[in-house]
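Undergrad: make a model of this:
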Amino acid sequence: MLTLMICAPALAACTSTPEATPGITIPPDCTAGQDELEVRGCGAGIPPDRCGEGFAANDTMGCEPIMPAEACGPGQLAIPGETECRELLACGSGDWGDIPVEADTQYVDGAYAGGASDGTALHPWITINDGVAAAAAGAIVAIAAGGYAEDVLIDSGPVVLWGRCPTMVEISGSDAQLAAIEIHGGADGSEIHGLAITGDSGGVFLSGSQDVIVETVWVHDTAGRGIALQDDLGAPSMRIVGSVVEKATDIGVHLVGSEATISSSSLRDIRENSAYATGYGISVQPSDDTGVTSTAVLRRCVMERNHTASMLLVASEGTVEDCLFRDTEPSDLSARDGVAIVAQDEDGLRADLTVTQSVFSNNYSRAIALVGSDGTFEAVHVADTKPQQWDDRLGEGMAIINSETEAASASISISTIERNYQSGVMVRGSSAAFELVLVRDTEPRPEDMAFGRGVAVTGDATVGLTADAIFDACLLENNRTFGIWVADATATVDSTMVRNTQAQNYDGDYGDGIGLATREEELPATRVAVSGSRLESNSRAGALIFGAVLSLDSSSLECNPRDLLGLEEYLGTAHPLSFDDGGQNRCGCGGTERSCKVGAP
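TA: So this is what the prediction gives:
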C-alpha cells in the first residue's frame with residue numbers, strides 16, 4: 001500500500017498584474033467596496049491561449065484533451081492532439097523495412113537457415129546477441145521480423161538495436177536477467193528502435209551508461225518493471241520517445257539515482273506486484289546506496305489506467321508539461337489511493353515538482369498530492385477526482401500537506417479545479433499561493449455527506465505546524481459548506497470572488513463564503529485579511545468567525561442572508577473573536593446598504 005505522508009515557509013507576495021495574463025475578461029459588475037474596485041478573480045481559470053499543446057479550450061475556463069474517443073489497442077499510441085490511434089512505426093517493405101542502411105550494419109534474421117552467418121543482409125545472424133557481439137561501436141543491429149526468445153546484453157560498447165517495427169519484431173526475455181534487454185557501463189549513446197519487448201522479467205534495464213535512446217518501442221506484459229534505470233554501475237540517463245509501456249508489472253518506468261526524459265509516449269495499465277500495492281506508471285526516487293536523486297521530465301505524455309499512483313516522485317525532481325493524467329485506479333489489494341501524482345519527501349530531502357498546461361481527470365483519492373515538498377502548478381485543469389474507494393472519503397483535487405517533519409509549499413496559478421469531493425484543494429500544515437485560480441462545484445464526501453469546501457487551509461497540531469495561504473484574484477463558486485475554510489492558519493484574500501456557496505449536505509448547516517476558526521491551543525490564533533474582494537450570494541453568510549481574527553477592507557458582502565456571523569466558541573473551545581473593519585466596505589443587496597457587523601449565528 002502506498003502511504004501518503006500527510007509547509008509552512010513564508011510565502012512571498014504575488015506580484016502579477018492583469019496585463020500578465022492576456023485573454024482574461026472581468027465583467028463590469030464584478031466590483032468590490034465603496035470605491036468599486038475591480039475584482040480580478042472574476043476572470044480566474046485557464047484562458048483559451050494557455051491550454052497545452054494537444055488540448056482545446058472549453059467555454060468554462062478549462063482545457064479538454066484532443067484524443068480518440070476509444071482507448072487505443074495494444075501497442076498503439078495517441079498523444080494529446082491526435083484523434084486516431086496509430087502504430088508506433090511503419091513496417092516498410094523488405095526484410096528490414098525502413099531501417100537505415102550503413103556500411104557497418106549487422107543484420108539479424110531469426111528465420112535465416114542458410115548457414116555461414118556473417119552479419120550481412122545475405123547471410124544474417126540468427127540471434128540478436130550475435131549481432132551485438134559483432135557490431136562496431138555505434139553500429140546498427142538491424143532485426144528482421146520474428147520472435148526472438150533471448151536475453152540481450154549490451155556491455156562492451158554502444159550499439160543501436162533497430163527492429164523492422166514493433167508489430168513484427170518482438171524480444172521475449174527469460175528470468176535469467178533483470179530485463180529482456182540490459183545495457184551496462186561503457187555503452188553511452190546506445191539506442192533501441194522499432195521493437196516489442198516482453199518476457200518473464202523486466203523489459204529494459206539500464207545502469208552505468210548515459211544518453212541512451214528508446215524510441216518507437218512497445219514494452220508490454222512483462223513479469224517485472226517495464227523500463228528501469230538504476231545507478232548500481234554508475235548514474236544512467238535515457239530519453240524515451242514515441243513509445244508505449246503497458247501492462248508491465250510493479251512499475252512502468254523506474255528511476256533510481258537516474259535521469260530520464262519521456263516525450264510523446266504512453267505509460268498505461270501498469271499492474272500491481274502481487275505482494276504489495278504498486279502499479280505506478282513512473283517511479284522517481286533517490287538511490288539508497290549513493291544518495292543521488294533522480295530527475296524526470298514528461299512532455300506530451302498520456303498516463304492512464306495505472307494503479308496506486310501514475311507518478312510517484314520521492315525526494316527528487318519532476319517536470320510535467322502538456323500531459324494527460326486520467327483514470328488512475330486504486331490499489332486492487334487495498335482499495336486505497338489511485339492518485340495521479342504523489343510528490344513526497346524522504347529523510348529530510350524534499351521533492352520538487354513543476355506541472356504546466358496539463359489535465360488531470362477521473363483519478364481517485366487525490367489528483368495531486370504534494371507532501372512535505374515543493375510544487376509549482378500553472379495552467380493545470382483538475383477535474384472529477386473520485387473519493388477513495390475503501391472509505392468514500394477524500395476525492396480532493398489537490399492536497400498540499402505536511403509530512404511528519406516537513407511542510408509543503410506550493411504556487412498554483414491560472415488553473416481550474418472543479419467537480420472534486422470533500423475539498424477542491426486541501427492545504428494542511430503547509431503554505432500555498434493561489435493566483436487566478438478557479439475552484440468550483442466541489443461535492444461532499446459520500447461517506448457522511450460532509451464538507452465540499454472550495455479550499456481548506458488548516459494547521460496540524462500533531463506536529464506543531466500552522467498553515468498559510470494567499471488568494472490573489474481567485475474565484476470560488478458553487479462549493480459546499482465554505483468557499484474558503486481557514487483553521488489554525490492565516491490567509492490573505494485579495495481581489496477574489498467567493499459566491500454561491502451551498503449549505504453542508506448532511507445537516508443543512510453553514511453555506512458561508514469564508515469560514516475561519518481557531519481550534520487548537522498549541523497553534524496561533526487564526527487570522528484572515530480580506531481586501532478588494534466580493535463575497536456574494538452565499539446561502540448563509542458572507543463570512544463566519546469562530547474565535548478568530550477577520551480584517552475586512554474595500555470589500556463587498558453582497559446578497560448574503562447574513563453578512564458576518566461569529567462566536568468565540570468552536571467545538572467546545574473558546575478563543576477571542578475580533579473583527580477589524582478597515583473601511584470602504586459595502587454590505588447589503590442591490591441598492592440596499594447596511595453597516596458591516598458581526599452577528600450571532
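Undergrad: hey, let's count contacts and neighbours off CA atoms from now on
TA: OK.
Undergrad: so who does the residue lying closest to residue 68 once chain neighbours are set aside touch?
TA: Leaving aside its sequence neighbours, residue 68 sits nearest to residue 83 (Cα to Cα, 6 or more residues apart in numbering; 4.3 Å). Going by Cα atoms under 8 Å, 6 or more residues apart in numbering, residue 83 touches 66, 67, 68, 69.
Undergrad: relative to residue 84, how far out is the last one?
TA: Going back to what we said before, that points to residue 69. Counting by Cα to Cα, to the nearest Å, the gap from residue 69 to residue 84 is 8 Å.
Undergrad: please apply the same query to the first one.
TA: Relative to residue 84, residue 66 is positioned 10 Å away (Cα to Cα).
Undergrad: the more surrounded of residue 69 and residue 84?
TA: residue 84 (16 against 9; other Cα atoms under 10 Å).
Undergrad: list the beta-bridge partners for the residue most central in space within the chain.
TA: Per Cα atoms, centre = their mean, the C-alpha nearest to the average position across the chain is that of residue 341, at 3.9 Å. Taking DSSP bridges as the rule, residue 341 bridges to residue 311, residue 368.
Undergrad: same check on residue 453?
TA: Applying DSSP bridges, one finds that residue 453 bridges with residue 423.
Undergrad: can you give me the neighbour number for it?
TA: Number of residues near residue 453 (other Cα under 10 Å) recorded here: 37.
Undergrad: now do the contacts for it.
TA: With Cα under 8 Å, 6+ apart, residue 453 has these contacts: 422-424, 442-444, 479-485.
Undergrad: could those residues go into TSV alongside neighbour count and pLDDT?
TA: Output for the contacts of residue 453, formatted as TSV (neighbours: other Cα atoms under 10 Å; pLDDT from 0 to 100):
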residue	neighbour count	pLDDT
422	30	97
423	37	98
424	35	99
442	34	98
443	28	97
444	26	96
479	37	99
480	33	98
481	33	98
482	37	98
483	35	99
484	28	99
485	25	99
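Undergrad: looking at the residues you listed, spot the one nearest residue 296.
TA: Minimum distance to residue 296 across the contacts of residue 453 is 27.0 Å, recorded for residue 424 (Cα to Cα).
Undergrad: what residues of stretch 329-348 count as buried?
TA: 329-332, 335-346 (16 or more other Cα atoms under 10 Å).
Undergrad: next, the residue nearest to residue 68: secondary structure please.
TA: coil (DSSP: H, G, I helix; E, B strand; the rest coil).
Undergrad: measure it to residue 223 for me?
TA: Between residue 83 and residue 223 the distance is 32 Å, computed by Cα to Cα.
Undergrad: repeat that for residue 298.
TA: 25 Å.
Undergrad: what's the neighbour count on residue 495?
TA: 27.
Undergrad: assess the claim that it and residue 532 are in contact.
TA: Yes. If you go by Cα atoms under 8 Å, residue 495 and residue 532 touch, sitting 4.8 Å apart.
Undergrad: name the residues contacting each of those two.
TA: Taking Cα under 8 Å, 6+ apart as the criterion, residue 495 and residue 532 both touch 32, 38, 39.
Undergrad: isn't the second one right up against residue 496?
TA: No. Shown here, residue 38 and residue 496 do not form a contact pair, counting by Cα under 8 Å, at 9.6 Å.
Undergrad: of those two, which one has the most company?
TA: Using other Cα under 10 Å as the criterion, residue 38 and residue 496 rank with residue 496 on top: 32 against 21.
Undergrad: I figured that one hits residue 554, correct?
TA: No. Applying Cα under 8 Å as the test, residue 496 and residue 554 come out as separate, 11.7 Å apart.
Undergrad: identify the contacts common to these two.
TA: 532, 533.
Undergrad: okay, now the closest residue to residue 116 other than its chain neighbours: neighbour count?
TA: For residue 116, ignoring the flanking residues on the chain, the nearest one in space by Cα to Cα, 6+ apart is residue 123 at 6.6 Å. Look at residue 123: counted by other Cα under 10 Å, it has 17 neighbours.
Undergrad: contacting residues for residue 123?
TA: Contacts of residue 123 by Cα under 8 Å, 6+ apart are 112, 114, 115, 116, 117.
Undergrad: same question for residue 439.
TA: 416, 417, 418, 424, 454, 455, 475, 476, 477.
Undergrad: among the residues you listed, which lie within strands?
TA: 416, 417, 418, 424, 454, 455, 475, 476, 477 (DSSP state E).
Undergrad: most neighbours, which of the residues you listed?
TA: residue 454 (38 neighbours).
Undergrad: need the contact list for that one.
TA: Per Cα under 8 Å, 6+ apart, neighbours of residue 454: 423-425, 439-442, 476-477, 479-480, 482-485.
Undergrad: of those residues, closest to residue 401?
TA: residue 425 (10.2 Å).
Undergrad: ok, residue 229 to residue 117 distance?
TA: 34 Å.
Undergrad: kindly report the same for residue 416.
TA: Taking Cα to Cα, one finds residue 416 at 61 Å from residue 117.
Undergrad: same deal with residue 296?
TA: Relative to residue 117, and taking Cα to Cα, residue 296 is found at 42 Å.
Undergrad: and for residue 589, the neighbour number?
TA: Using other Cα under 10 Å, the number of residues around residue 589 comes to 16.
Undergrad: pretty sure it sits against residue 561.
TA: No. Judged on Cα under 8 Å, residue 589 makes no contact with residue 561 at a distance of 9.2 Å.
Undergrad: how far does stretch 174-191 stretch from one end to the other?
TA: OK, stretch 174-191 end separation, Cα to Cα: 21 Å.
Undergrad: what's in contact with it?
TA: Contacts of stretch 174-191 (Cα under 8 Å, 6+ apart): 138, 149-162, 171-173, 197-215, 224, 233-234.
Undergrad: filter the residues you listed down to the buried ones.
TA: Using 16+ other Cα under 10 Å, the buried ones in the contacts of stretch 174-191 are 138, 149-162, 171-173, 197-215, 224, 234.
Undergrad: okay, residue 8: pLDDT?
TA: Per-residue confidence (pLDDT) for residue 8: 31.
Undergrad: and for residue 543?
TA: 98.
Undergrad: beta partners for it?
TA: residue 514, residue 564.
Undergrad: can I assume it is in contact with residue 565?
TA: Yes. Checked against Cα under 8 Å, the pair residue 543 and residue 565 is within contact range at 6.4 Å.
Undergrad: between these two, tell me which one has more neighbours.
TA: residue 543 (27 against 19).
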